[in-house]
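Enquirer: I would like the atomic coordinates for the input below:
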Amino acid sequence: MPNVRGDGMRGLAVFISDIRNCKSKEAEVKRINKELANIRSKFKGDKTLDGYQKKKYVCKLLFIFLLGHDIDFGHMEAVNLLSSNKYSEKQVGYLFISVLISADSELMRLIIQSIKTDLASRNPIFVNLALQCIANIGSKEMAEAFQQDIPRLLVSGDAIDLVKQSAALCLLRLLRAAPDIAPSGEWTSRIVHLLNDQNMGVVTAACSLIEALVKKNPAEYKACVSLAVSRLSRIVSSPYNDLQDYTYYFVPAPWLSVKLLRLLENYPPSDDAGVRSRLNECLESIFTKVSEPPKSKKVQHSNAKNAVLFEAISLIIHMDSDPALLIRACSQLGQFLQHRETNMRYLALECMCLLATSEISHDAVKKHQETVVNALKTERDVSVRQRAIDLLYAMCDKSNAEEIVQEMLAYLESADYSIREEMVLKIAILAEKYASDYSWYVDVILNLIRIAGDYVSEEVWYRVIQIVINRDDVQGYAAKTVFEALQAPACHENMVKVGGYILGEFGNLIAGDPRSSSQVQFDLLYSKYPLCSVNTRCLLLSTFMKFINLFPEIKTTIQDMLQNDTNIRNADAELQQRTVEYLQLSNIASADILATVLEEMPAFPERESSILAKLKKKKELPDNVESPSKEHRHLPQAIVNSADGASSPERNGGPSNYGSASMDLLGLNSPTNDGMASTNNGINSNGYAPQPQAPASDMSALFDVFGSPTQPNGGDFGNSASSPPGQKSGVQLVSESNIKKFLFRNSGIVFENEAIQIGVKSQFTPTQAIGQIELYYGNKSTMPLTNFTVQVHNTEPNALLIQAQDIGPVIQISAQVKQQFNLRCVTVFSQTPTVRISFSMNNFPMTIEAPIPVFINKFLEGAAMDGETFFARWKKLSLPAQEAQEQFFAKYPIDAASTQEKLTSIGFAVLPNIDPNPENFVAAGIIYTGSTQVGCLLRLEPRRQDSKYRLTVRTSNEGVSKRLASLLKDEF
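Expert: Have a look, this model is predicted:
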């Protein structure tokens, strides 16, 4: 018999050996039943059992349970072991309770009382056992019973480090079961200051707890930012031998570093310049250490170092504020693109997808285009090739669109079947978005159909038809191109659909060439007819009827074809009915009636493309698919417009009226109206009373595409009174200072945490006093976001009109939803409107409040003038109320090129060689509103000797002068 030890319990060791020696399942069951009968009799009949015997029998019951047998007695004896003063007996009691007793057991009150006794014990080992049991059970009842005891242990000065670690992790476990027990008030600062604890184990455990608390109430725990930066600074600046107990393969405390970096991702860049500077130094140090020669050749060393690096890059992308760090991150990732390890290449491509969405680092990412294209061609791992496609899609713009589309088309011929459909959608989107010549767009789509016809969805070929119909300059070229494509021996059915439709509309444009005469066109299409599906044959019948109108000389030929038994007596009811009706129409209708009925299709109304909606559905995961990893959740989603469901062009032989020939993929150029829509599905858009309108030429671009006007609501969130931002408990606030970066840019990330990413894209037309802002809500969590509502809060509804688009109440896993806001500036405004975004994640409610990035300078357009005109107007605006002046220290190095670029980005026209002092800047512009125009003049005087500026703004409106001065003083 093998030697089995049972912690001094010989009876347990013998029992385990007997079970191991059983030759069959029946023998095992027989031995277990015998032992159960013995234990039951001991518990019932022997009143003199001591602690050792109880411990032994409870251990046997636990072992039997772990073998898969039910245990229906012995629970009370296990609870009695908790009152023992011997560690081994108490340990077995807690172990039995953690494994066998359910949270709703009748014994739970006794257990809680015993745990309370141990928590109050002066023996730290007993306290630790109690904390472990609480965490293992983790019920709501446990959370409510110990919501005061555990935080007290956590911050107690008498508790040893091991107890503090256990208390932090125990509280974290209970928070997940009962989020309402989160400590607040007096506990907040004391818990946050655990980040300063001398013991690294306590800091590591506390960091996990604080991150969970921050997600619930970020404003209350904001003090953790400076402490986290301080602790991170000490780690990255220390040599590895200073933290020997927490050094992993020469990398000091990598797990804690990653936790601290993730904690900082829950907040925008700090308003404290010192904290920002220290954090930037930490991030620079991380980059520097990665570039140093490795201290070990073992893979664990590089893994730990790179884990910290990638989390640092994630934080840099989240902050999206320091150009130097973003460019350095891009450069470092560029080196990883050619790393020998596949995982490193994958992660580098994934992070660069995020960097490509930033205006600051987009150009830097584009420098690696050749490397990414090479990865697409040579990578053996399909997941890496998928990330390469995502990165090419993200880095594409007008300057490289044709090259990227050509490379993607070339790869499409050999691409894995699993990614072909998504590639087709992305190529179609890029070709349309960046098409400078629509003949190139037609060529791209026809190549798509030729190369991967089975993966070209209806949305793609519907779209090319819409564009050809809406653009006269490409119709003849499209007809000639599809005619040539149809002459191929093997032709995909989607090509037949496109060719049939385009030739039916514009075949007359190429009929003058004998090689593409009317009869040749008919013969070519009819040669494809027998091999097509019923739907395609219905479309071709409509094309042939169009030919009767375009080419009367082949009318008899087409009528003979319609009278053929394969058509007029076809088994398919739709095909037969269409044939009979078309034949009768051609026989009884006059030429004028036929010309009217079969006239060319009118242009389609402007509407967003449905290809993007198709790509969004492709990205969504069904409920029964395993949730993606954290890395997958960070993948950038395609910018998807919410579009109406596409109508099929096949119905009644022609396309329904949908789509746009010159679609703006981001919806920024779609027309708008001055009616503002009411919103439902939980969206409470700010209503307003009718305002005096400017001339039609200024306002005709703004029309309502979503619904009827809303009712005034005074700009409040629903019916509840709004409280000052600092007093909104449970609401994650995005400060206006974080939004100020959008003074200079029109897109970026507004807010991001582990659950959601909120991005923005905007476009303004100052001369018409209108604009569009699009918020993108991306689900980064592993579960759907439900009860999703957005409320708009506009404190100046009579000055700034806002219309919000409806969105649905659910955002699926890894999905992204766009909400569009149409804006009209009626008169000068000073307050930034806000949105309150509420949703539930796994029944846990979350609320985020963020300013909408619209400032008065968005309606500012530069005005050029000479020096004489400038100074004449400057003197005219000399009243004290018309001037606002600020003197301030420079936040950034005084650089003429950078200052001029910022003034231009804000909207001013910088006027050179006007100020007598060449160091000074003068600029001019006009703010357009629906009711008036406000002239704006600016003078910026840098003083390099003491790094100060004096800013003077003069306008014809007192409020505008003060607002512009207050906005600009923090930006130089």
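Enquirer: spatially, and excluding backbone neighbours, which residue is closest to Val750.
Expert: In space, and not counting its chain neighbours, Val750 is closest to Ile758: 4.6 Å by Cβ to Cβ, 6 or more residues apart in numbering. Any C-beta I mention is one placed from the backbone N, CA and C, and that applies to glycine too.
Enquirer: any chance you could map the helices in the stretch 851-972 of the chain?
Expert: 867-876, 896-906, 958-968 (DSSP state H, counting those that start in this stretch).
Enquirer: helix or strand right after the lowest-mean-pLDDT helix or strand in the chain?
Expert: The helix or strand of the chain with the poorest confidence is helix 696-699; it has a mean of 32 (mean pLDDT, DSSP states H and E). Once helix 696-699 ends, the next helix or strand along the chain (criterion: DSSP states H and E) is strand 731-733.
Enquirer: now do that following strand: which elements does it pack against?
Expert: strand 844-851 (3 or more Cβ pairs under 8 Å, 6 or more residues apart in numbering; DSSP states H and E).
Enquirer: give the pairing partners of the strand it packs on; include direction for each.
Expert: Take DSSP bridges as the rule and strand 844-851 pairs in its sheet with strand 731-733 (parallel), strand 834-841 (antiparallel).
Enquirer: in stretch 159-171, what counts as buried?
Expert: By neighbour count on 16 or more other Cβ atoms under 10 Å, the buried set for stretch 159-171 is 159, 162-171.
Enquirer: cool, stretch 854-873 as well?
Expert: Buried residues in stretch 854-873 (16+ other Cβ under 10 Å): 854-863, 865, 870, 873.
Enquirer: out of those, what pair is the most spread apart?
Expert: Val854 and Phe870 (28.3 Å; Cβ to Cβ).
Enquirer: what's the most buried one of the helices of the stretch 851-972 of the chain?
Expert: helix 958-968 (a mean of 20; mean count of other Cβ atoms under 10 Å).
Enquirer: list of residues touching that one?
Expert: 740, 743, 828, 830, 855-857, 881-886, 906, 927, 934, 936, 938, 951, 953-955 (Cβ atoms under 8 Å, 6 or more residues apart in numbering).
Enquirer: let me see the backbone angles for the spatially most central residue of the chain.
Expert: Among the residues of the chain, Gly778 comes closest to the average C-alpha position under Cα atoms, centre = their mean, at 3.0 Å. Backbone torsions of Gly778, given as degrees, to the nearest 10, read phi -110, psi 130.
Enquirer: mind checking which of the strands paired with strand 844-851 is nearest Asp381?
Expert: So among these, strand 834-841 is nearest, using Cβ to Cβ, at 32.2 Å.
Enquirer: contacting residues around the closest residue to Gln887 other than its chain neighbours?
Expert: Of all residues not flanking Gln887 in the chain, Arg950 sits nearest, at 5.0 Å (Cβ to Cβ, 6+ apart). Applying Cβ under 8 Å, 6+ apart to Arg950 gives the contacts 885-887, 940-941, 943.
Enquirer: tell me which stretches of the stretch 201-350 of the chain form strands.
Expert: 247-248, 251-252 (DSSP state E, counting those that start in this stretch).
Enquirer: tell me which of those strands sits most buried.
Expert: strand 251-252 (a mean of 24).
Enquirer: just for the stretch 201-350 of the chain, where's the confidence low?
Expert: For the stretch 201-350 of the chain, the stretches with pLDDT under 70 are 240.
Enquirer: can you give me the helices for the stretch 351-500 of the chain?
Expert: So, for the stretch 351-500 of the chain - with DSSP H, counting those that start in this stretch - the helices run 362-366, 369-378, 382-395, 401-412, 417-433, 438-452, 458-470, 472-486, 493-506.
Enquirer: list just the one of these that sits closest to Asn570.
Expert: Asn570 lies closest, by Cβ to Cβ, to one member of the helices of the stretch 351-500 of the chain: helix 493-506, at 17.8 Å.
Enquirer: state the mean pLDDT of the helix or strand just after the closest one.
Expert: For helix 493-506, the following helix or strand on the C-terminal side (DSSP H and E) is helix 518-528. Regarding helix 518-528, the rounded mean pLDDT is 92.
Enquirer: again, but for stretch 742-754
Expert: pLDDT averaged over stretch 742-754 gives 83.
Enquirer: list the buried residues for it?
Expert: Buried, per 16+ other Cβ under 10 Å, within stretch 742-754: 742-744, 746-754.
Enquirer: send over it as PDB, restricted to the C-alpha atoms.
Expert: Backbone C-alpha positions of stretch 742-754 (Å, rounded to 0.1, in the frame of the first residue of the first chain) are rendered in PDB as follows:
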ATOM      1  CA  PHE A 742     -11.300  69.400 -29.600                       C
ATOM      2  CA  LEU A 743     -10.700  73.100 -29.900                       C
ATOM      3  CA  PHE A 744      -8.100  72.100 -32.500                       C
ATOM      4  CA  ARG A 745      -9.400  68.800 -33.800                       C
ATOM      5  CA  ASN A 746     -12.600  67.300 -35.000                       C
ATOM      6  CA  SER A 747     -12.200  63.700 -34.000                       C
ATOM      7  CA  GLY A 748     -10.800  61.600 -31.100                       C
ATOM      8  CA  ILE A 749     -11.700  59.700 -28.000                       C
ATOM      9  CA  VAL A 750     -14.000  61.500 -25.500                       C
ATOM     10  CA  PHE A 751     -14.100  58.800 -22.800                       C
ATOM     11  CA  GLU A 752     -12.900  55.200 -22.400                       C
ATOM     12  CA  ASN A 753     -13.000  52.600 -19.700                       C
ATOM     13  CA  GLU A 754     -13.200  48.800 -19.600                       C
END
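Enquirer: before we move on, back to that, so what sits opposite the residue nearest to Gln887 in the bridge?
Expert: With DSSP bridges as the rule, Arg950 is bridged to Gln887, Glu941.
Enquirer: quick one: pLDDT of it?
Expert: pLDDT at Arg950 comes out at 90.
Enquirer: turn the strands paired with strand 844-851 into JSON lines, including mean pLDDT and distance to Asp104.
Expert: Putting these into JSON lines (pLDDT from 0 to 100; distance: least, Cβ to Cβ, whole Å) gives the following:
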{"stretch": "strand 731-733", "mean pLDDT": "79", "distance to Asp104": "34"}
{"stretch": "strand 834-841", "mean pLDDT": "90", "distance to Asp104": "25"}
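Enquirer: nearest to Ala135, of these?
Expert: That would be strand 834-841 among the strands paired with strand 844-851, by Cβ to Cβ, at 22.4 Å.
Enquirer: list the buried ones in the closest one?
Expert: 834-839, 841.
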